[in-house]
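> make a model of this:
(chains A and B, ligands or ions: 1)
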Amino acid sequence: MRLEYTDKQNRFRAEVREWLREHVPREPLKSFDTEEGFAQHRAWERTLSTAGYSAVTWPKDMGGRGTDLVEWLIFEEEYWSAGAPLRVNQNGIFLLAPTLMEYGTEIQKRMILPRMATGEDVWAQAWSEPGAGSDMAAIRSKAVRDGDHYVITGQKTWSTRAVFADWAFGLFRTEEGSQRHHGLTFILFPLNLPGITRRPIRQLNGLPGFAEIFMDDVRVPVAYRLGEEGAGWNIAMATAGFERGLMLRSPARFQQTARLLAELLRRHPDRAAADPSLCDAVTQAWMGAEAYTLATYRTACRLAKGGHIGAEASTNKIFWSELDLQMHETAMRILGARGELMPEAPDAAGTGQWLDGFLFAQAGPIYAGTNEIQRNIIAERMLGLPR
Amino acid sequence: MDFTFDDQQLAFRDAIRKFLMVEAAPEMLREVWETHSGRSAELRGKLADQGLTALSVPEEFGGIGQTDLDWILVHQELGYYAIPDSLTDTAYLAVYLLNNMPCDLAFKRQWLPRIAEGRARVAVGHPLNPLVSDAEMADLLLLWHDDEVHALTREQVKLTANASIDMSRRLFRVEWTPSRDTRVCPASPGRELWDGVLNRGALALSAQLLGLTHRMLDLGVDHAAQRKQFGKPVGSFQAVKHHLADVAVKAEFAEPVIHRAAYAVANEWPQRATFVSQAKLMAGEAARLSARHSIQVHGAMGYTWEADLQMFVKRAWALDSAYGDSIFHKQRVAGQVLGVDARLGPGESFAGGIERPMKGIQYG
Ligand SMILES: Cc1cc2nc3c(=O)[nH]c(=O)nc-3n(C[C@H](O)[C@H](O)[C@H](O)COP(=O)(O)OP(=O)(O)OC[C@H]3O[C@@H](n4cnc5c(N)ncnc54)[C@H](O)[C@@H]3O)c2cc1C
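Okay, here's the model as predicted:
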């Protein structure tokens, strides 16, 4: 065990810090769930990619920096400390890309990854369907083989960023009459193909953060299939593993929130004096963010030594989503009667980001597999309880 | 940056685990705990054979000179198997004090080799603990007085036994008179040494609490998989599963916090007090939840003397408040987190932090 950074790691941190100081936009970007904001965020991805920073762990010839996971964590620490924009291509870079590296052909990697790194292609996930939420194996959208194409029909829903995104990836039933997780195939498809209709869905904050995707005889080249036909379920589970596991929510995000929360309380000494349990809640927030950070460093180091992410990844998902709720609930308690004010309200006095975060925190225990489903997984796969 | 233990450390941990699985079965512990002394000379001899009493004694005094980091994995096992306090107090805490006290060499020569061989028990009286564990069997007592360290034999103190809910504990009120003759270390550097004992005591208990958390969880899982109601194992019901999953989450995230704290203590990081207190708080929280939920999934069996669960539950409850209760440790963490120049955010988890002096917390 050695819990000090190496000189090389320190140099990387300094380099990233310096670059971000020069490049992070002075004015916050508009929400990426608006057309204008989406374009701004896409441009930011491009800027990031000029330094190889949009996907630091990828090989250099794919647009990354070839770093290990510890350097990725360092990058994320600097990124969140610098108050840099949210990542519009998160689902492509952190979820599809690791899967693609493992299951994709060389041609697919070269076709997809460099354009993802520069933000030319922004990706959406298309798993969920009206009848397939927690029970993803109930997927009904189908892809019928016709020569060197699949013909896709069906409906996907809750697809994040899909309103403005360029591509999507998801599971489709390729075997007529197959049941559950059999006969499913992992397919990548451009969202502008003929036969695709997207209907924006407004989220809790009023913006169209996700969309329904209707597919009516959409012709997708077979070359866009990831892995073997019928092998989609296992490949999708690998993606879900990344999502719950390491890269969906970097710990720096929560450390930054904990820091801002401590500052918020310090600016409201009257509130802290009136209710000492607020001090306790902020202390808890810091402890939780640290614990998540340490657990992630540990996993990163284990992976570097040839280990694997297992069922314990499900503990991550529960931990950070509950932590995020706890932190934002605490912020709302500190803000009191001003907490309800929308960010643009004149009297919100710059506290509106807490409301934004509070709203988004409500979704944490739902997306990426609900926390109830995670508890089932922990109980059955980690603890070995009967199904 | 390498947040993993090396193969040798893991192999030692595994060996201790195997050894304790055989030698420290609950039936056997219960038998020992029923005796007046609560301790078994035979078990102590076997622990010494495994090298546990010699672990941090320097080689020149017949030990194997290992660090806080080696102890932390051992302590998780000692917790899992509910090994009573005297081993930790003697071989970890007392050895730390003896090693680092600027006392004469003869005193160290007198005690350290005997401890390494498993032939001496030393009780440690830290002012944060109202009573002293294992004082009655101690060959030597190292006691706090105005930040000085005093060394006494059993004959020089008056002991009053206090029963604990944890049957393995042997707690004593110790009455004694400090004198020039009993003093073995002045207040400077005594104050620092007692802080060192506190951090190591809290660290050892954090790891034990984590071990206990896992033991209670395992007992809960075993019971839930075997006990049938409504024609199936109760462990197939989601409410039961989720109780146990919640414990697994707490345990999973307490562990790296404990390991970082051990590293911070071993390497004298300036933030070590905060990190140790965080470890103790999170381990305590995990252990309390494990106790509660494991009792719950046991049904009425969880409320009995007969089920082994009670041994571990009671030990967890007792250790949760030893070497600093939750108020003490929360104050230490809050002092750091809520301070004006707190360094909290991303990138501050490992090095470069600043330690705030523990204002307002005085021993005694
Ligand atoms: C902000 C956000 C972004 C999202 N982004 C995407 C995306 O990009 N792509 C995509 O495909 N999907 C996305 N989703 C959808 C998400 O994956 C689903 O919402 C989730 O899997 C749950 O499905 P559901 O909404 O149908 O809830 P349901 O499955 O109907 O669940 C309702 C409730 O029942 C509980 N429940 C269901 N089954 C069980 C069970 N077996 N045991 C115990 N409890 C159970 C659930 O935990 C939940 O509390 C997103 C969701 C949100 C909120």
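> residue ranges with poor pLDDT in chain A?
Across chain A, residues meeting the criterion (pLDDT under 70) sit at A:240-245.
> now do the SS call for the most centrally placed residue in it.
For chain A, the residue lying nearest the average C-alpha position, counting by Cα atoms, centre = their mean, turns out to be residue A:248 (4.0 Å). Under the three-state scheme (DSSP: H, G, I helix; E, B strand; the rest coil), residue A:248 adopts coil.
> my guess is it contacts residue A:367. True?
No: contact between residue A:248 and residue A:367 fails when scored by Cβ atoms under 8 Å: they sit 9.2 Å apart. For glycine as for every other residue, the C-beta is placed from the backbone atoms N, C-alpha and C.
> circling back to that earlier point, distance of the residue nearest to the centre of chain A from chain B?
Relative to chain B, residue A:248 is positioned 17 Å away (criterion: Cβ to the nearest Cβ, to the nearest Å).
> now do that residue against residue A:124, distance only.
Counting by Cβ to Cβ, to the nearest Å, the gap between residue A:248 and residue A:124 amounts to 15 Å.
> again with residue A:214
Summarising the geometry, the distance separating residue A:214 from residue A:124, computed by Cβ to Cβ, is 14 Å.
> identify the residues contacting the closest residue to chain B within the stretch 101-250 of chain A.
Per Cβ to the nearest Cβ, residue A:250 is where the stretch 101-250 of chain A lies closest to chain B, at 8.8 Å. Neighbour list for residue A:250: A:72-73, A:76, A:80, A:296 [criterion: Cβ atoms under 8 Å, 6 or more residues apart in numbering or on different chains].
> likewise for residue A:247?
For residue A:247, the residues meeting the contact criterion (Cβ under 8 Å, 6+ apart) are A:72, A:94-95, A:98.
> could you dump those into TSV and include distance to chain B and secondary structure?
Below are the contacts of residue A:247 laid out as TSV (distance: Cβ to the nearest Cβ, whole Å; DSSP: H, G, I helix; E, B strand; the rest coil):
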residue	distance to chain B	secondary structure
A:72	12	helix
A:94	17	helix
A:95	22	helix
A:98	21	helix
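> out of those residues, who's near the ligand?
The overlap between the contacts of residue A:247 and the neighbourhood of the ligand (criterion: Cβ under 6 Å from any ligand atom) is empty.
> between all of the residues you listed, which two are separated the most?
With distance counted by Cβ to Cβ, no two of these lie farther apart than A:72 and A:95, which are 14.4 Å apart.
> list the helices and strands the longest helix along chain A packs on?
Assignment by DSSP state H gives helix A:277-304 as the longest helix of chain A. If contacts are counted by 3 or more Cβ pairs under 8 Å, 6 or more residues apart in numbering or on different chains; DSSP states H and E, helix A:277-304 sits against helix A:69-81, helix A:251-267, helix A:269-274, helix A:313-335, helix B:238-266, helix B:272-298, helix B:326-337.
> average pLDDT across stretch B:72-84?
Averaged across stretch B:72-84, pLDDT comes to 97.
> that one near chain A anywhere?
No: Stretch B:72-84 does not reach chain A (Cβ under 8 Å from any Cβ of the partner chain); its nearest approach is 9.9 Å.
> just the CA trace of that stretch, in PDB.
What follows is stretch B:72-84 as a C-alpha-only set of coordinates in PDB (Å, rounded to 0.1, in the frame of the first residue of the first chain):
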ATOM      1  CA  ILE B  72      -5.400  -3.400  10.800                       C
ATOM      2  CA  LEU B  73      -6.100  -6.600   8.900                       C
ATOM      3  CA  VAL B  74      -5.400  -8.700  12.000                       C
ATOM      4  CA  HIS B  75      -7.900  -6.500  14.000                       C
ATOM      5  CA  GLN B  76     -10.600  -7.100  11.500                       C
ATOM      6  CA  GLU B  77     -10.200 -10.900  12.100                       C
ATOM      7  CA  LEU B  78      -9.900 -10.400  15.900                       C
ATOM      8  CA  GLY B  79     -13.300  -8.600  15.600                       C
ATOM      9  CA  TYR B  80     -14.800 -11.200  13.500                       C
ATOM     10  CA  TYR B  81     -13.900 -13.900  16.000                       C
ATOM     11  CA  ALA B  82     -14.600 -11.700  19.100                       C
ATOM     12  CA  ILE B  83     -11.100 -12.100  20.600                       C
ATOM     13  CA  PRO B  84     -11.200 -10.300  24.000                       C
END
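> what comes up buried for it?
For stretch B:72-84, burial by neighbour count (16 or more other Cβ atoms under 10 Å in any protein chain shown) applies to B:72-84.
> sorry, back to before: ok, of the contacts of residue A:250, which come out buried?
Under a neighbour-count criterion of 16+ other Cβ under 10 Å, the subset of the contacts of residue A:250 counted as buried comprises A:72-73, A:76, A:80, A:296.
> in the stretch 101-250 of chain B, which residue sits nearest the ligand?
residue B:238 (5.9 Å; Cβ to the nearest ligand atom).
> so the residue of the stretch 201-350 of chain A found nearest the ligand versus residue A:202, what's the distance?
Nearest residue of the stretch 201-350 of chain A to the ligand, counting by Cβ to the nearest ligand atom: residue A:210, 5.5 Å away. Between residue A:210 and residue A:202 the computed distance is 9 Å (Cβ to Cβ).
> neighbour count: these two, which is higher?
Set side by side, residue A:210 and residue A:202 show more neighbours around residue A:210, with 23 against 11, by other Cβ atoms under 10 Å in any protein chain shown.
> surely that one meets residue A:203?
Yes: using Cβ under 8 Å, residue A:210 is in contact with residue A:203, at 6.6 Å.
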